[in-house]
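Novice: Coordinates for the following, if possible.
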Amino acid sequence: MMRRYPLPSGTPSMNTPPLPSSHNGQPRRLLTPEPPQCVNEEANGTFFRLLPTEIRTRILRLAFGDRTIHYGTTSPENRLLYPGPLVIDLSKQSEKEWAWKSSVCHRFPPSGSIDSRGPGYDPQPCDDECVYGWNGRQGFRPQCEHWPGEGPKKCSVGAMGWLLSCKQAYREGIHVLYATNTFHTASKVMILNMHNFFQQQRLNAIASVEIVWDFTPWFILDTNEDFRVAPPLSDIESFRQFLKAIPNLFPNIRKLYVSLQGDMIPKSYGQISETQYSTKQRIKVVEENIIMKVDQMVPYLKPHVDFSVAYPTSTYAVQRSLALRQGWTVKQRHETGEVERHWRPLAKCKPRTGYWVCLGDKDVRRKRARGIIGHKHMPARVSENQYDVFFRS
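Specialist: Predicted coordinates for the structure are as follows:
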């Protein structure tokens with residue numbers, strides 16, 4: 001199970017330049033102040049004079065709203081690997097700097113086209129290949145090639161020209177951009193430093209967020225400091241900081257989906273301590289240090305937030321088995337055709353009664369499933385239809 005991560009160019013290290021900031025050390029100021037500070041007069045263009053606000057908003061939402069947008073940072077060395085435009089001009093930079101990246105998510109094929117990954121395939125945030133560049137990962141390519149247009153321009157959000165046209169266009173467009181789109185990120189650095197990247201008025205407008213948190217939470221005893229087995233911020237303490245930060249990052253969020261993935265189940269030997277761990281003990285470690293920590297975070301979310309968390313097969317299969325035994329609501333894909341998930345009730349979380357736990361990353365091979373997940377939670381015949389959803393086809 002343990003993955004050995006390569007050290008890609010641009011991996012943060014001791015000589016990595018400081019992260020970009022929306023204010024660069026200067027006092028923050030509102031780019032679009034609210035009345036009575038701003039001028040309330042309409043722009044003189046025909047678009048603003050003849051079309052009512054409702055129609056203009058619908059047009060802007062068709063242009064660059066109501067979709068999923070990737071956002072994050074990347075180093076100069078990785079700038080050619082990812083679709084979408086750079087926000088800073090690296091050709092004018094004499095020193096290494098981080099770059100802003102954004103693109104439209106193409107994990108779903110265009111409406112009416114056949115998904116190359118097979119009928120009935122319902123890609124979740126963990127299945128998103130866009131953030132891995134044009135070639136995807138492990139042979140799974142993003143669906144960009146099926147969308148009309150020329151790449152990589154067709155992956156661009158396409159809002160910048162409108163936002164720069166005039167003040168009123170900016171004021172109306174920036175609201176549509178932040179309030180109607182789902183923001184998807186896998187950047188742990190940015191999540192833990194969100195207020196350095198975005199002004200508070202932008203965070204206030206965001207209503208829907210998808211976060212992929214890929215981590216390796218268990219200490220490796222046989223590893224020295226010269227060999228890194230996981231990217232930065234992949235430790236358990238960074239995960240705890242993440243859970244502590246999440247409830248206060250987006251004040252007006254309505255939907256939050258967090259996909260936890262990586263090497264979540266420790267090895268039977270060589271992690272945490274030199275003691276040999278049984279499958280039952282390893283599952284207990286995950287429950288106490290990850291699942292229960294999520295439980296403790298949920299009450300701090302506002303009651304109206306639609307919150308879901310996704311676990312990889314190695315963890316979800318165990319939790320679904322327990323949910324079935326407890327009589328909790330379980331939506332099994334082979335029965336309902338819906339997203340594979342189960343309800344996790346919380347006793348001390350009123351008025352919220354619990355949250356959905358979804359199937360995330362397929363991190364286990366079918367032939368190794370029983371050895372990793374345990375015979376109690378995985379039957380001998382894992383070829384049955386109800387278990388197909390756990391594995392990549």
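
Novice: pLDDT score assigned to residue 241?
Specialist: If you check residue 241, the pLDDT there is 96.

Novice: element containing it?
Specialist: According to DSSP states H and E, residue 241 maps onto helix 236-249.

Novice: For the helix or strand following that helix, list every residue counted as buried.
Specialist: Using DSSP H and E, the helix or strand that follows helix 236-249 towards the C-terminus is strand 255-262. Using 16 or more other C-beta atoms under 10 Å as the test for burial, strand 255-262 gives 256, 257, 258, 259, 260, 261, 262. C-betas here are computed from N, CA, C, even on glycine.

Novice: Tell me what the second one is bridged to.
Specialist: What that stands for is residue 257. On the basis of DSSP bridges, residue 257 is bridged to residue 210, residue 308.

Novice: where do the helices sit along this protein?
Specialist: Secondary structure of the chain (DSSP state H): helices at 46-50, 53-64, 160-163, 167-179, 188-192, 194-197, 200-205, 236-249, 279-286, 292-297, 313-326, 333-336, 369-373.

Novice: Quick check: buried residues in the third one?
Specialist: For helix 160-163, the neighbour count (16+ other C-beta under 10 Å) marks residue 162 as buried.

Novice: Return it as CSV; C-alpha atoms alone will do.
Specialist: Backbone C-alpha positions of helix 160-163 (Å, rounded to 0.1, in the frame of the first residue of the first chain) are rendered in CSV as follows:
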residue,chain,number,x,y,z
MET,A,160,-10.2,37.7,-17.4
GLY,A,161,-11.1,39.8,-20.5
TRP,A,162,-14.5,40.6,-19.2
LEU,A,163,-13.2,41.4,-15.7
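
Novice: on that earlier part again, strand 255-262 and the helix holding residue 241, what's the angle between them?
Specialist: Following axes from the mean of the first three to the mean of the last three C-alpha atoms, to 10 degrees, one obtains 170 degrees for the angle between helix 236-249 and strand 255-262.

Novice: what residue ranges in the stretch 101-250 of the chain score low on pLDDT?
Specialist: Along the stretch 101-250 of the chain, the parts satisfying pLDDT under 70 run over 112-121, 131-142, 219-230.

Novice: quick one on the thing from earlier: among the buried residues of strand 255-262, which one has the lowest pLDDT?
Specialist: By pLDDT, residue 262 ranks lowest within the buried residues of strand 255-262, coming in at 88.

Novice: nearest to residue 123, of the helices of the chain?
Specialist: Nearest to residue 123 among these is helix 333-336 (13.1 Å), distances taken as C-beta to C-beta.

Novice: For the helix holding residue 241, list every residue counted as buried.
Specialist: For helix 236-249, by 16+ other C-beta under 10 Å, it's 238, 239, 242, 243, 246, 247, 249.

Novice: again with stretch 196-216
Specialist: If you call a residue buried by 16+ other C-beta under 10 Å, then stretch 196-216 has these buried ones: 197-198, 201-203, 205-216.

Novice: End to end on it, go ahead and measure it.
Specialist: Stretch 196-216 has an end-to-end distance of 25 Å (C-alpha to C-alpha, to the nearest Å).

Novice: Report the rounded mean pLDDT for stretch 341-351.
Specialist: For stretch 341-351, mean pLDDT rounds to 92.

Novice: Show residues contacting it.
Specialist: 295, 298-299, 303, 308, 319-320, 323-324, 328-331, 352-359 (C-beta atoms under 8 Å, 6 or more residues apart in numbering).

Novice: PyMOL command to pick out the buried ones of the residues you listed?
Specialist: A single PyMOL command is used to select the members of the contacts of stretch 341-351 judged buried by 16+ other C-beta under 10 Å:
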select buried, resi 295+298+308+319+320+323+328+330+331+352+354+355+356+357+358+359
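
Novice: Out of the contacts of stretch 341-351, list just those in strands.
Specialist: Within those, residues falling in strands by DSSP state E are 308, 330, 331, 354, 355, 356, 357, 358, 359.

Novice: you'd agree the second one is up against residue 321?
Specialist: No. With contacts counted by C-beta atoms under 8 Å, residue 330 stays clear of residue 321, the gap being 9.7 Å.

Novice: measure residue 125 to residue 53 for me?
Specialist: The gap separating residue 125 from residue 53 is 33 Å, by C-beta to C-beta, to the nearest Å.

Novice: Pick out whichever of those two has more residues nearby.
Specialist: Applying other C-beta atoms under 10 Å to residue 125 and residue 53 shows that residue 125 carries more neighbours, namely 24 against 10.

Novice: nearest residue to the more buried one other than its sequence neighbours?
Specialist: Using C-beta to C-beta, 6 or more residues apart in numbering and skipping residues adjacent in sequence, the residue nearest residue 125 is residue 210, 4.4 Å away.

Novice: so what's the one you found up against?
Specialist: By C-beta under 8 Å, 6+ apart, the contact set of residue 210 is 68, 125, 182, 183, 184, 185, 257, 258, 259.

Novice: now for those residues, which pair is the farthest apart?
Specialist: Within those, two members stand farthest from each other by C-beta to C-beta: 68 and 258, at 14.9 Å.

Novice: if we can go back for a sec, I'd like the ones in strands among the contacts of stretch 341-351 laid out as JSON lines, including pLDDT and distance to residue 189.
Specialist: Compiled in JSON lines, the ones in strands among the contacts of stretch 341-351 are given as follows (pLDDT from 0 to 100; distance: C-beta to C-beta, whole Å):
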{"residue": "308", "pLDDT": "97", "distance to residue 189": "24"}
{"residue": "330", "pLDDT": "93", "distance to residue 189": "36"}
{"residue": "331", "pLDDT": "91", "distance to residue 189": "34"}
{"residue": "354", "pLDDT": "96", "distance to residue 189": "31"}
{"residue": "355", "pLDDT": "97", "distance to residue 189": "26"}
{"residue": "356", "pLDDT": "97", "distance to residue 189": "27"}
{"residue": "357", "pLDDT": "98", "distance to residue 189": "26"}
{"residue": "358", "pLDDT": "96", "distance to residue 189": "25"}
{"residue": "359", "pLDDT": "93", "distance to residue 189": "27"}
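
Novice: Nothing else from me, thank you.
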